[in-house]
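> The following block contains a protein sequence and its predicted model.
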Amino acid sequence: MNIYIWHLVQAGILGLVQGLTEFIPVSSSGHLVVARELMRIEDPGNFFDAVLHLATLFAILIYFRREWWQMLVTAKDKIAPKTHLAIDRRLLWLIIVATIPALAVGYFMQGWIENNFRSLVTVAILLIIMGAGFILSETWLRVPKQNRNLSFWDALSVGLAQTIALLPGISRSGSTMLAGMYVGLTRASAVRFSFLMAAPAIAVAGGYGVYQSIRDQAIVQDYLYLIIAFVVSFLSGWLAIRWLLQFFQKHSLHVFGIYSIIAGVVALVYHFAF
């Protein structure tokens, strides 16, 4: 295969990995590290990561466009049943509250995390820990059949769960889904809240990545490479959201817990064997 064509294929693969794993609870950052290791390519840098983040942000904004509009212009959705997540202006403030912990921790610790938790071995171990956590939590946690109204402290608790996902190998969506169910949301509503609260965190991560790249004059000039990565990440992210909202109507996180453990073990075997 032509070297440049393979270069573009790599962009598509990384975009696919980001788009799917940003929402499927298996850790996008961890899988990107594994994918780059398997393809033996260097880290494309902050600007490329920012492009991938912005692609998944667009997927969230477009897929949930009605919900965002309703939060901005509607005072209250009075007809939403107890099993659904009520979409109103109060929910928008709860999403903002849930975002604050990750922004604060990320601001002070992102550099340290990047320098100490990007190795394949570390990611593999965290994948195994995350998978075991999913299985144990789903076994012990009694998921409510009806939602209760989220409080400020509930939203803050879900936000604290999101900070754990700053570690590559820990799933942001998975940790916030579990936290949402723990504070009183049904599984379907916890999934929806997890996706909605991802938007501001992803926007900040993408925006900060662009800022860093401009500051360091490290903007990737291969526009076709970036376009392919962006389009694939956006489309796969949109499809992942659609599929997961249906999947979690009837299924738990068990299958993703098992997958994460297997993926972590395989990554460890690959690292030490090859």
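Received the coordinates, thanks.
> Run through the neighbouring helices and strands of the strand or helix carrying Ser260.
Per DSSP states H and E, Ser260 falls inside helix 254-273. Contacting helix 254-273 under the criterion 3 or more CB pairs under 8 Å, 6 or more residues apart in numbering; DSSP states H and E are the following elements: helix 28-39, helix 120-140. C-beta: built from backbone N, CA, C; applies to glycine.
> export the helix or strand following the longest one as CSV, just CAs?
Spelled out, it's helix 120-140. Toward the C-terminus, helix 120-140 is succeeded by helix 152-164 as the next helix or strand (DSSP H and E). Written as CSV, here are the backbone C-alpha positions of helix 152-164 (Å, rounded to 0.1, in the frame of the first residue of the first chain):
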residue,chain,number,x,y,z
PHE,A,152,-27.0,20.0,43.0
TRP,A,153,-25.1,17.4,45.1
ASP,A,154,-26.3,14.6,42.8
ALA,A,155,-24.9,16.5,39.7
LEU,A,156,-21.7,17.2,41.6
SER,A,157,-21.3,13.5,42.4
VAL,A,158,-21.7,12.5,38.8
GLY,A,159,-19.2,15.3,37.9
LEU,A,160,-16.7,13.8,40.4
ALA,A,161,-17.0,10.5,38.7
GLN,A,162,-16.2,12.2,35.4
THR,A,163,-12.8,13.4,36.8
ILE,A,164,-11.7,9.7,37.2
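> Show me what helix 152-164 is in contact with.
Contact with helix 152-164 is made by 94-95, 97-102, 105-106, 170, 172, 175-176, 178-180, 182-184, 193-194, 197, 201, as judged by CB atoms under 8 Å, 6 or more residues apart in numbering.
> Inside helices: which ones of those residues?
Per DSSP state H, helices hold the following members of the contacts of helix 152-164: 94-95, 97-102, 105-106, 172, 175-176, 178-180, 182, 193-194, 197, 201.
> wait, which of the helices and strands packed on helix 254-273 is closest to Gly207?
With CB to CB, the closest approach to Gly207 among these belongs to helix 28-39: 17.1 Å.
> could you say what helices and strands that closest one packs with?
Packed against helix 28-39 by the contact rule (3+ CB pairs under 8 Å, 6+ apart) you find helix 3-21, helix 120-140, helix 254-273.
> what does the last one contact?
When you say that, I think you mean helix 254-273. Outside helix 254-273, the residues within contact range by CB under 8 Å, 6+ apart are 24-27, 31, 34, 37-38, 120-121, 123-128, 130-135, 138, 169, 171, 174.
> The same query, at a cut-off of 10 Å, please.
24-27, 30-31, 33-34, 37-38, 119-121, 123-139, 169-171, 173-174, 177, 244, 247, 253 (CB atoms under 10 Å, 6 or more residues apart in numbering).
> For PyMOL, what selects the buried ones among those?
In PyMOL, selecting the buried portion of those, with burial taken from 16 or more other CB atoms under 10 Å, looks like this:
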select buried, resi 24+25+26+27+30+31+33+34+37+120+123+124+125+126+127+128+129+130+131+133+134+135+137+138+169+170+171+173+174+177+244+253
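> Could you check how far the residue nearest to Leu91 when sequence neighbours are not counted is from Ile95?
Excluding its sequence neighbours, the residue lying closest to Leu91 (CB to CB, 6 or more residues apart in numbering) is Met71, at 5.8 Å. From Met71 across to Ile95, the span is 8 Å (CB to CB, to the nearest Å).
> Between those two, which contacts overlap?
In contact with both Met71 and Ile95: Leu196, using CB under 10 Å, 6+ apart.
> one step back: can you select the buried ones from the ones in helices among the contacts of helix 152-164 in ChimeraX?
A single ChimeraX command selects the buried members of these (16+ other CB under 10 Å):
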select :94,95,97,98,99,100,101,102,105,106,172,175,176,178,179,180,182,193,194,197,201
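> the bottom helix or strand of the chain by mean pLDDT?
When the helices and strands of the chain are compared on mean pLDDT, DSSP states H and E, helix 28-39 comes out lowest with a mean of 83.
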